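S.K.: Have a look at this prediction, sequence included:
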Amino acid sequence: MTGVSQGARALPAPPLRSFLGPYAGYRLSGYPPGVHLGMPAPELTVVVSLDSPLAVTATAHPEQPAGAWGALASGLATSAVTIAHDGTQHGVQLALTPAGSRALLGAPAGALGAWIVDLRDVLGPDARELTERIAAEPGWPGRFAILDEVLLRRAVDDAVDRNLARAWQRLTSPGAPRVADVAREIGWSRRHLVGRFTAEFGVGPKDAMRVARFHRSKGLQQLCPSMTLADVAARCGFYDQAHLAREWRALAGVPPSRWRADEQFPLVQDDARFDGASSGA
């Protein structure tokens with residue numbers, strides 16, 4: 001049986017664009033039952049599942065057991081989560097910046113850490129409104145309009161400390177400098193930067209750098225599936241292909257070659273090839 005993917009992507013309303021990336025709606029069906037890896041990324045994740053709860057069989061936090069969530073939020077992590085599926089997935093996924101965590105979820109990313117939480121725990125009554133209205137709306141444009149309405153209503157001016165925002169931008173960009181150099185740029189000691197950074201974002205500066213580099217390597221493989229792993233490593237700032245493979249095993253639990261072979265679902269949240277023109281539910 002050949003799997004079918006349908007869905008859409010759309011930018012949020014302009015006032016929200018510093019807080020989150022494009023909305024990603026997806027409906028995947030006809031795939032063999034299996035598992036999907038939710039990979040580490042330099043964004044927080046919000047998912048509203050439209051058919052059945054997401055069955056997370058392995059979480060990113062060592063103290064959090066497996067569970068099922070109909071709508072969830074999760075912070076920044078340095079390991080993948082494992083999601084069991086029956087060959088179908090249907091929902092909406094959002095990728096929030098650390099600024100978006102404060103503005104839309106009402107808490108810094110560090111408050112979530114690597115935990116998965118029920119969306120009601122961070123959005124309160126807005127979570128119920130959001131999930132019920134999205135489920136009742138048949139088309140993606142209408143669903144995205146509901147997201148705009150609710151999130152614009154929630155958005156508050158609670159900015160990340162400007163020095164921390166600068167450190168995050170520098171350390172998660174390609175060609176990131178050393179942590180000590182960034183600390184010097186903003187006038188802090190390295191120790192003070194590490195402590196404040198970890199408290200705000202839930203990961204330390206070096207882990208943020210690793211996750212951002214890993215995320216770029218994953219995206220490049222999706223965009224250029226014929227590219228060799230050696231070229232991916234060189235383009236994304238790894239020492240060599242062996243370094244790339246070690247980091248993938250550490251952060252994803254599998255080498256990139258295994259992920260390429262085993263992943264069944266298109267990763268709609270950051271796959272630029274995903275069919276954004278489709279308007280099917």
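M.R.: That came through fine.

S.K.: Please name every helix or strand in contact with the longest helix along the chain.
M.R.: Secondary structure assigned by DSSP state H gives helix 205-223 as the longest helix of the chain. When contacts are defined as 3 or more CB pairs under 8 Å, 6 or more residues apart in numbering; DSSP states H and E, helix 205-223 sits against helix 162-171, helix 179-186, helix 190-201, helix 229-236, helix 241-252, helix 256-262. Where C-beta positions appear, they are placed from N, C-alpha and C, glycine not excepted.

S.K.: Show me what the last one is in contact with.
M.R.: Taking contacts as CB atoms under 8 Å, 6 or more residues apart in numbering, the residues outside helix 256-262 that touch it are Leu37, Ser217, Lys218, Gln221, Pro225, Leu229, Val232, Leu244, Ala245, Trp248, Ala252, Val254.

S.K.: please redo it, this time with the cut-off set to 6 Å
M.R.: In this structure, residues lying in contact with helix 256-262 by CB atoms under 6 Å, 6 or more residues apart in numbering are Leu229, Trp248.

S.K.: do stretch 18-31 as well
M.R.: Contacts of stretch 18-31 (CB under 6 Å, 6+ apart): 1, 3-12, 87-90, 92-97, 99-100, 103-104, 140, 144, 147, 264-265, 268-269.

S.K.: and if we set it to 7 Å?
M.R.: Stretch 18-31 is contacted by residues 1-12, 43, 87-97, 99-100, 103-104, 140, 143-144, 147, 155, 264-265, 268-269, 280-281 when judged by CB atoms under 7 Å, 6 or more residues apart in numbering.

S.K.: from the residues you listed, which ones fall inside helices?
M.R.: Those of these lying in helices (DSSP H): Ala99, Gly100, Trp140, Arg143, Phe144, Leu147.

S.K.: The third one and Val92: what is the separation?
M.R.: From Trp140 over to Val92 the distance is 8 Å, taken as CB to CB, to the nearest Å.

S.K.: picking that back up, go through the helices and strands packed on helix 205-223 and find the least confident stretch.
M.R.: For these, mean pLDDT drops lowest on helix 256-262, to a mean of 87.

S.K.: That helix: which residues count as buried?
M.R.: Using 16 or more other CB atoms under 10 Å as the test for burial, helix 256-262 gives Pro256, Trp259.

S.K.: Likewise for stretch 8-15?
M.R.: In stretch 8-15, counting by 16+ other CB under 10 Å, buried: Ala8, Arg9, Ala10, Pro12.

S.K.: From one end of it to the other, what's the distance?
M.R.: 21 Å (CA to CA, to the nearest Å).

S.K.: Next: stretch 32-51.
M.R.: First-to-last residue span, stretch 32-51, CA to CA: 17 Å.

S.K.: Sweet, I'm off.
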